[in-house]
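Asks: can't give you the sequence, but here's the structure:
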């Protein structure tokens, strides 16, 4: 039954074939398996930094993420230089976190800015165990640098205006890692306002800057570090000076010309003010006033030179033009102070100054009289209006608007003079005088003085001898005190029981003694006698004041007796019984001059051998001189 047998063998053949094919699949799969396993085991993970960077730099508050090209063993070694304390953690995206593909380093504190770091990864192996050799990889990154100031406006080269604000611009938005403070010098209050997007600051002074002043702006940067992922400040750096610039503020605008000024301004005059900088017309006129008010029109071609054409100026009127301080120019300057000037319009002729002035006293008798008018006048006409009382002749001359009158002979001493200018003095370009002007003055008092040289007495009580030395030296005789002392001699009578020497004969007492205890002095007769050896002289007593002044007027000095103290009487007797009139402080002076007339001088000028020049009123001199009988010596 061949057919039956064939039919039975068919299933056996199919089974055999299935076994044969399964074996073949295994033979085919094994190489693939081994190749795949080899590939898995042999992969070497390659690291790269995958943290988000800003301008190719790591932000200071970012963790450092390192991704591997293949799952990596956690047993790798991580080192960062410069050293940073922190924590390394691993993350995985394969097989439910079983296969590590990322290492993340989180520092304890935020990174330092602008630092180049180097990461060294050693023992980097495939996460699948095998007979691998650990690899070493080096990665580098830099942290974001500090915020930088890219510009400060205005530029230092600019001359700034008084209302300037400063703008400081950063290279990027300011973060929490930088803090800025500012300082203006000279010190000035200001505000520091942040620009939009924290891209800088605007420094706004609270008041206008001083014109012409230099200002320095300083900016200081402080760096901050934080505890990572918190707002807690870990440390702050010292302040770093990042801006230190100086600007010159524009000089204040000024006035270069004003017109008119002074007096006697014509009634058809125009007003002009010229400034060093231009003003907007509406701004200037809002700050300009004229008092009394004037109608008219202001005009300007360049904003600097302004001209005002008034409709009418009033005569004999003083106008005040004022521009207020603070008026701003187109260039940003402002007037530092009020601009004020005045002018007075023309008025009738009058005298505005004179020498002498009305009421002056003591005018020198040789003076030229001068009278200044407020405007040009007709010279001959003005001279014809002049009159002086008491009448004296003289010559007229002119210096611009000043009339000079020089008397042909000196004025009299101590005399009242009156000068009258009648009204109607002609003014060729103005208004004639309408009033009579009167000037009264008094001439000087006559002063007579002799050039007697001063000599200080050489002994405590040698005043009489010293005054004679001065008189003789005035007469050209070079002499000292001793020859005169020798010529006078001393009265040796001791002072006892009201008896003493006779000063009418010789010197009484010790010339270096104490008056009136041990020394006294000498009277006029012995002094005149001693003088006769050198120069004619005469003694006198019971004299009159005119006896002295007339002698001085002749050029003769007069020695007079009086007191340098109280002048209390201390009379005594001589040993022959003669009564001596004496006073405490007995003293002599030499009369060298007087003020006023010979008959009635107001002052007497003396040389005191102790104190130099000493002046007496007439009454004081007469009292002092009378204490010893109006006595003296004239040295001729």
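Replies: That came in fine, so what should we check first? For clarity, every value in this text was computed on a predicted model and none was experimentally measured.

Asks: got the contact list for the closest residue to residue 205 other than its chain neighbours?
Replies: What sits nearest to residue 205 in space, not counting adjacent residues and going by CB to CB, 6 or more residues apart in numbering, is residue 190, at 4.7 Å. Every C-beta, even on glycine, is put in place using the N, C-alpha and C of the backbone. Neighbouring residues of residue 190 by CB atoms under 8 Å, 6 or more residues apart in numbering: 182, 184, 203-206.

Asks: of all those, which comes closest to residue 309?
Replies: residue 205 (40.9 Å; CB to CB).

Asks: number of residues surrounding that closest one?
Replies: Neighbours of residue 205 under the rule other CB atoms under 10 Å: 17.

Asks: dihedrals phi and psi, it?
Replies: phi -60, psi 150 (degrees, to the nearest 10).

Asks: residue ranges for the helices of the stretch 151-300 of the chain, please.
Replies: Counting by DSSP state H, counting those that start in this stretch, the segments of the stretch 151-300 of the chain that form helices are 281-286.

Asks: for this protein, what's the longest strand?
Replies: In the chain, assigned by DSSP state E, the strand with the most residues is strand 214-226.

Asks: other residues contacting the helix or strand where residue 380 lies?
Replies: Here residue 380 sits within helix 379-384, counting by DSSP states H and E. Applying CB under 8 Å, 6+ apart, the contact partners of helix 379-384 are 373, 396, 398, 403, 421, 424-426.

Asks: buried among those residues? Make that a ChimeraX selection.
Replies: Here is the ChimeraX command that picks out the buried ones among the contacts of helix 379-384, judged by 16 or more other CB atoms under 10 Å:
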select :373,403,421,425,426
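
Asks: ok, the contacts of helix 379-384 vs residue 602, which is closest?
Replies: Nearest member of those to residue 602, counting by CB to CB, is residue 421, at 32.4 Å.

Asks: distance of that closest one relative to residue 386?
Replies: Remark: distance between residue 421 and residue 386 (CB to CB, to the nearest Å) = 6 Å.

Asks: same question for residue 263.
Replies: Relative to residue 386, and taking CB to CB, residue 263 is found at 23 Å.

Asks: can you check residue 225 too?
Replies: In terms of CB to CB, residue 225 sits 98 Å off from residue 386.

Asks: residue 455 is in contact with residue 610, correct?
Replies: No: the pair residue 610 / residue 455 is not scored as a contact, 10.8 Å apart, by CB atoms under 8 Å.

Asks: okay, those two: which has more neighbours?
Replies: Legend: neighbour count by other CB under 10 Å for residue 610 and residue 455, higher for residue 455 (21 against 13).

Asks: distance of that one relative to residue 538?
Replies: 22 Å.

Asks: and what of residue 264?
Replies: For residue 264, the distance to residue 538 - CB to CB - is 67 Å.

Asks: out of those two, which sits in the busier spot?
Replies: Using other CB under 10 Å as the criterion, residue 264 and residue 538 rank with residue 264 on top: 22 against 15.

Asks: roughly how far apart are residue 567 and residue 259?
Replies: Relative to residue 259, and taking CB to CB, residue 567 is found at 72 Å.

Asks: then residue 342?
Replies: 12 Å.

Asks: related to what we said a few turns ago, buried ones among the contacts of residue 190?
Replies: Neighbour counting by 16+ other CB under 10 Å classes 182, 184, 203, 205 among those as buried.

Asks: which among those residues gets closest to residue 78?
Replies: Minimum distance to residue 78 across the buried ones among the contacts of residue 190 is 43.0 Å, recorded for residue 182 (CB to CB).

Asks: what residues are up against the closest one?
Replies: Contacts for residue 182 (CB under 8 Å, 6+ apart) come out as 190, 192, 201, 203, 217-220.
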